[in-house]
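A.B. asks: structural data only, the sequence is not supplied:
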């Protein structure tokens with residue numbers, strides 16, 4: 001069931017100081033991401049440019065403004081707006097390929113690196129991932145998922161699960177419709193349309209810390 005008002009994440013602030021974790025630039029109708037800036041204004045900043053080739057492929061180029069390095073990229077091949085293959089490059093040299101599979105509902109169930117025999121298997125309940133498994137040994141990983149609220153996760157309308165660099169394993173991770181509450185001390189706020197606009201923790205002394213805020217466009 002789609003939200004009545006569809007909103008798109010454009011800013012993610014990492015703490016009370018207002019540090020920008022992500023800046024996401026979209027095209028006019030929010031069908032494509034054009035640019036992502038991660039850790040804006042820091043020495044760890046990484047920028048991602050997006051290039052689209054019709055409806056069947058796109059290229060993501062990562063670079064670090066502080067050093068001027070521009071040596072990592074990947075090309076995604078799509079069918080019906082779903083990525084089925086990703087070729088990764090370093091210094092324009094091919095490194096490896098990831099292959100993706102989906103269930104009948106179009107939900108991502110595997111992301112496999114066939115060259116290095118590793119990857120992730122995803123287990124879904126409704127519109128949320130509840131468990132992940134290692135492809136190489138079948139061991140369960142990422143068991144933080146669960147206790148989902150009725151409110152909408154900020155990443156829900158991001159179009160693809162996309163690789164990040166530096167501190168960011170992923171720069172977009174749309175594997176949940178609903179926001180997960182990890183513990184009793186984990187709090188959040190949401191807007192009138194049900195989208196989460198902030199999350200934070202309350203410590204044993206009642207102090208608030210770790211605030212993350214989300215800003216949307218629609």
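C.D. replies: Yes, it's here. Here the structure is a predicted model, which means the values were calculated and not measured. Numbers count the residues shown, from 1 in each chain.

A.B. asks: report the secondary structure element holding residue 29.
C.D. replies: Residue 29 is part of no helix or strand when elements are defined by DSSP states H and E.

A.B. asks: quick one: neighbours of it, just the number.
C.D. replies: Neighbours of residue 29 under the rule other Cβ atoms under 10 Å: 6. Heads up, the C-betas are built off the backbone N, CA and C, glycines and all.

A.B. asks: tell me the contacts of it?
C.D. replies: With Cβ atoms under 8 Å, 6 or more residues apart in numbering as the criterion, no residue contacts residue 29.

A.B. asks: so it versus residue 8, what's the distance?
C.D. replies: Counting by Cβ to Cβ, to the nearest Å, the gap from residue 29 to residue 8 is 10 Å.

A.B. asks: check residue 158 too.
C.D. replies: Distance, residue 158 to residue 8, using Cβ to Cβ: 8 Å.

A.B. asks: name the residues contacting each of the two.
C.D. replies: Contacts common to residue 158 and residue 8, judged by Cβ under 8 Å, 6+ apart, are residue 24.

A.B. asks: residue 149 and residue 177 touch, don't they?
C.D. replies: No: contact criterion Cβ atoms under 8 Å: residue 149 and residue 177 do not qualify, at 10.5 Å.

A.B. asks: need the pLDDT of residue 142.
C.D. replies: pLDDT for residue 142: 66.

A.B. asks: check residue 167 too.
C.D. replies: For residue 167, the pLDDT comes out at 81.

A.B. asks: tally of neighbours for it?
C.D. replies: Residue 167 has 11 neighbours, counted by other Cβ under 10 Å.

A.B. asks: that one reaches residue 44, doesn't it?
C.D. replies: Yes: if you go by Cβ under 8 Å, residue 167 and residue 44 touch, sitting 6.2 Å apart.

A.B. asks: and stretch 105-114, which residues are buried?
C.D. replies: 108, 110, 111, 112, 113 (16 or more other Cβ atoms under 10 Å).

A.B. asks: low-confidence ranges, this structure, go.
C.D. replies: Residues of the chain meeting the criterion pLDDT under 70: 1, 16-17, 142-144.

A.B. asks: at 80 what do you get?
C.D. replies: 1-3, 15-18, 66-71, 142-145, 210 (pLDDT under 80).
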